[in-house]
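Novice: give me the fold of what follows.
(chains A and B, ligands or ions: 2)
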Amino acid sequence: MHLVKLLWRNAFRHRLRTTLTVIGITIAILAFGMLRTVISAWYAGVDASSASRLVTRNAISLVFPLPISYKDRIRQIDGVKTVSYGSWFGGLYIDEKNFFPNFAVEIENYLKLYPEFVLAPEQLNAVVHDRKACVVGRKLAERFGWKIGDTIVLKGTIYPGDWEFVLRGIYRGKDQTTDETQMFFNWDYLNETMRKLVARRADQVGFYMIGVTNPSHAAEVAADIDKTFRNSLAETLTETEKAFQLGFISMTEAIVIAIQLVSFVVIIIIMAVVANTMAMTARERIGEYAVFKTLGFRGYHIAGLVFGESLIISMTGCAIGVALTYPVAKIFGTTLSNYFPIFNVAPTTILMDVAAALLVGTVAAIFPTWRAVTIRIADGLRRIG
Amino acid sequence: MADTKPPIVQIRNLSKSYRRGSQIIPVLEDISFDIPDGEFLALMGPSGSGKSTLLNLLAGIDTADTGSILIGGEQITTMSEADLARWRSLHVGFIFQFYNLIPVLTAFENVELPLLLTRLSRKERQAHVETALRVVGLADRMEHYPAQLSGGQQQRVAIARALVTDPTILVADEPTGDLDRYSAEEILDLIDRLNHEAGKTVIMVTHDPRAAEKAHVIRHLEKGILSDASR
Ligand SMILES: Nc1ncnc2c1ncn2[C@@H]1O[C@H](COP(=O)(O)OP(=O)(O)OP(=O)(O)O)[C@@H](O)[C@H]1O
Ligand SMILES: [Mg+2]
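Specialist: Numbers count the residues shown, from 1 in each chain, chains lettered A, B, ... in the order given. Ligands and ions are numbered 1, 2, ... in the order given. This next block holds a predicted model:
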């Protein structure tokens, strides 16, 4: 026999109590993991964004457009490598609940700026040569069962009318963190249509997307662009894509912080629950620990027994929780794919799960260990009978 | 009787009191006596007279206020806690009123417990445990858990656990206090056999005059004072 064997038997001595505690830890770990994943899903857009891409928009507000004529002037600025442009289209597919992001962009350069969107060359060719073509992400195509050649009709919100597109390309993400739920179509199609419908809204773009030659000079390039258009009719604001995305998120920063706090509160609560279980357990075993000491076992043996038992319980709960995290995240991700295009469990989340469980198991054992180790043998033996 | 050998236990001017709030309750007052090697001593006295306290001091699981206890030539009253723990594991076998077996361990594992602190190999431990369980007549119950054994059988497992390290002294605090008369008789016979066949020095606290009859010597403890040896 080895004392480790005793640890396991002790841990599952009160089967119901231990099972309930383990379930509690499992749920806490699961909740913690989901909350952390929601937070990283929130920042997924930022993480996927690049510091070498610049976004130029109207200095007053994102809702105001910029003239298309800025394109050539931007291209002439030192350090600018690629310029693309586009507008948030905001079209709806049949119904509002089918929401997905859709943009009118100058596709060829746009995809050069986004190497993470992988599109087969022949598909790109088809898209560029068909005015009404569109490209969608793999997940989006799967969601609605779209195939190449299908006609897709979007109801305009910002731009009136029903808009018909032909699916000419499906892009894949280069890695797991790439958003595969977007739709792009030719900006020219939007512009030509607007020319006919509402002429004053033609020849305008919502944003310019700019690739720089040297990312370390991105800030200078951005400043140069804004300087070029200072005192013109539409002044610009240029920032890195990352800053641009963060600007979106900062609106909801308070919610993210709240979720973060809740995720830690969950851990603190489960810590109290496990500490309570361990305190009850150790109190019942005081007599036994006194017997161990009588036989010559030392304080560190007793500490090993209490800590070991506490860690067995917390790590069992953690293991089950982690194992369940992946399938549950999958279900979550599918259900919430409208809001969170990227919903992946990060390895750091699992590390944090394990760290939290270790912390819970350790903290829960401190007080009971101290009691069991410091009680005088004679007093401990008196508790029996 | 080995009267010529030096006493295995020498107690000199031993005192112990408990503090309850501001009140000091003297339990043992200036006790001195010897226990010869191979003796079977019964300690008797009314409840609360300090029998368990005295036994605990002798066994090194409690500390005296003043006085000295010399056992097998070693002064245990001045030992550090670590030394005392080691000394107990080598020299003292404990038998308790409520057996105090670990419920999640089998009879075999309970008896093996004190051997985990030794350098014995698994095989050697197994041999020792089997011998001890055979001595107490439970060779066929090794895989039983305490809950699957009667009170008398549990106490015999506890005795095997006390024996297995081949200790210098056996201390027993009311070993038959929780048993029916028949089982009590069996346990006392067993302790008696260990005393005169294996030559173990036994110090037993008891209320039961029938139990005390088995002893060579009976001492009474009353109001902190120990009477002379009698029989
Ligand atoms: N930890 C303690 N704190 C305070 N008083 C104590 C403590 N332990 C024992 N006492 C007191 O010391 C006295 C002797 O106790 P002890 O247990 O040695 O008696 P005993 O002779 O073994 O009695 P019994 O026959 O009932 O077992 C009692 O009055 C008891 O209340
Ligand atoms: Mg007593």
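Novice: got the contact list for whichever residue of chain B sits closest to chain A?
Specialist: Nearest residue of chain B to chain A (Cβ to the nearest Cβ) works out as B:Ser89 at 2.6 Å. Using the backbone N, CA and C atoms, a C-beta is placed for each residue, glycine as well. The contact partners of B:Ser89, by Cβ atoms under 8 Å, 6 or more residues apart in numbering or on different chains, come to A:295-296, B:114, B:117-118, B:165.
Novice: could you turn the buried ones of these into a ChimeraX selection?
Specialist: The buried residues among the contacts of B:Ser89 can be selected in ChimeraX (16 or more other Cβ atoms under 10 Å in any protein chain shown) with this line:
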select /A:295,296 /B:114,117,165
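Novice: so which residues of the chain form helices?
Specialist: I went with chain A, as the question did not name one. Under the criterion DSSP state H, helices of chain A are mapped to A:3-11, A:15-42, A:44-48, A:70-75, A:107-113, A:121-129, A:138-144, A:187-197, A:218-228, A:241-250, A:253-294, A:299-335, A:347-374, A:377-382.
Novice: try chain B instead
Specialist: B:51-58, B:81-91, B:107-112, B:122-135, B:151-163, B:181-198, B:209-213.
Novice: gap between the residue positioned nearest the centre of chain A and chain B?
Specialist: When Cα atoms, centre = their mean is applied to chain A, the residue found nearest the centroid is A:Ala41 (1.6 Å). A:Ala41 sits 45 Å away from chain B, going by Cβ to the nearest Cβ, to the nearest Å.
Novice: now that residue, nearest residue through space, not along the chain?
Specialist: A:Phe340 (3.9 Å; Cβ to Cβ, 6 or more residues apart in numbering or on different chains).
Novice: what does the pLDDT read for the one you found?
Specialist: Looking at A:Phe340, its pLDDT is 79.
Novice: so what's it up against?
Specialist: A:38, A:41-42, A:44, A:333.
Novice: farthest-apart pair in those residues, please.
Specialist: A:Trp42 and A:Gly333 (13.2 Å; Cβ to Cβ).
Novice: around chain B, pick out the residues from the stretch 201-350 of chain A.
Specialist: Residues of the stretch 201-350 of chain A found near chain B (Cβ under 8 Å from any Cβ of the partner chain) are A:287-288, A:291-298.
Novice: tell me which helix or strand in chain B has the weakest average pLDDT.
Specialist: strand B:225-226 (a mean of 79; mean pLDDT, DSSP states H and E).
Novice: sheet partners, orientation included, of it?
Specialist: strand B:217-222 (antiparallel) (DSSP bridges).
Novice: list the buried residues for the partner strand?
Specialist: Result for strand B:217-222 [16+ other Cβ under 10 Å]: buried residues B:217-221.
Novice: wait, which of the residues you listed is closest to ligand 1?
Specialist: Distances from ligand 1 to the buried residues of strand B:217-222, taken as Cβ to the nearest ligand atom, are shortest for B:Leu221 (6.8 Å).
Novice: contacting residues for that closest one?
Specialist: The contact partners of B:Leu221, taken as Cβ under 8 Å, 6+ apart, are B:43-45, B:49-51, B:54, B:227.
Novice: nearest spatial neighbour of it, skipping sequence neighbours?
Specialist: Going by Cβ to Cβ, 6+ apart, B:Leu221 has B:Gly45 as its nearest residue, at 3.7 Å.
Novice: pretty sure that neighbour sits against B:Lys51.
Specialist: Yes: B:Gly45 lies in contact with B:Lys51 (Cβ atoms under 8 Å); the separation is 5.3 Å.
Novice: for the two, indicate the residue with more neighbours.
Specialist: Shown here are B:Gly45 and B:Lys51; by other Cβ atoms under 10 Å in any protein chain shown, B:Lys51 has more neighbours (25 against 21).
Novice: look up how far B:Val217 lies from that one.
Specialist: Noted for B:Lys51: a distance of 15 Å to B:Val217, by Cβ to Cβ, to the nearest Å.
Novice: how about A:Ala372?
Specialist: Counting by Cβ to Cβ, the gap from A:Ala372 to B:Val217 is 38 Å.
Novice: in the longest strand along chain A, which residues are buried?
Specialist: Longest strand in chain A, counting residues (DSSP state E): strand A:162-173. Neighbour counts using 16+ other Cβ under 10 Å place A:163, A:165-171, A:173 of strand A:162-173 among the buried residues.
Novice: same list (those) but as a markdown table, adding distance to ligand 1 and pLDDT.
Specialist: A markdown table is the format used below for these (distance: Cβ to the nearest ligand atom, whole Å; pLDDT from 0 to 100):
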| residue | distance to ligand 1 | pLDDT |
| --- | --- | --- |
| A:Trp163 | 87 | 94 |
| A:Phe165 | 86 | 96 |
| A:Val166 | 90 | 96 |
| A:Leu167 | 84 | 96 |
| A:Arg168 | 88 | 95 |
| A:Gly169 | 84 | 95 |
| A:Ile170 | 80 | 96 |
| A:Tyr171 | 78 | 95 |
| A:Gly173 | 70 | 91 |
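Novice: ok, back up a step: so which of the helices of chain B gets nearest ligand 1?
Specialist: Comparison of these against ligand 1 by Cβ to the nearest ligand atom identifies helix B:51-58 as nearest, at 3.1 Å.
Novice: which parts of chain B sit against chain A?
Specialist: So far as Cβ under 8 Å from any Cβ goes, chain B lies against chain A at B:52-53, B:56, B:59, B:61-62, B:82, B:85-86, B:88-90, B:94, B:96-98, B:100, B:102-105, B:108-109, B:112-114, B:116-117, B:161, B:178.
Novice: report the buried members of these.
Specialist: Of the residues of chain B next to chain A, these count as buried by 16+ other Cβ under 10 Å: B:52-53, B:56, B:59, B:61-62, B:85, B:88-90, B:94, B:96-98, B:100, B:102, B:104-105, B:108-109, B:112-114, B:116-117, B:161, B:178.
Novice: give me the number of neighbouring residues for the closest residue to ligand 1 within the stretch 151-300 of chain A.
Specialist: Residue of the stretch 151-300 of chain A nearest ligand 1, by Cβ to the nearest ligand atom: A:Ala290 (12.4 Å). For A:Ala290, the number of neighbouring residues by other Cβ under 10 Å comes to 24.
Novice: correct me if wrong: it contacts A:Thr374.
Specialist: No: in this structure, A:Ala290 is not within contact of A:Thr374 by Cβ under 8 Å, at 11.6 Å.
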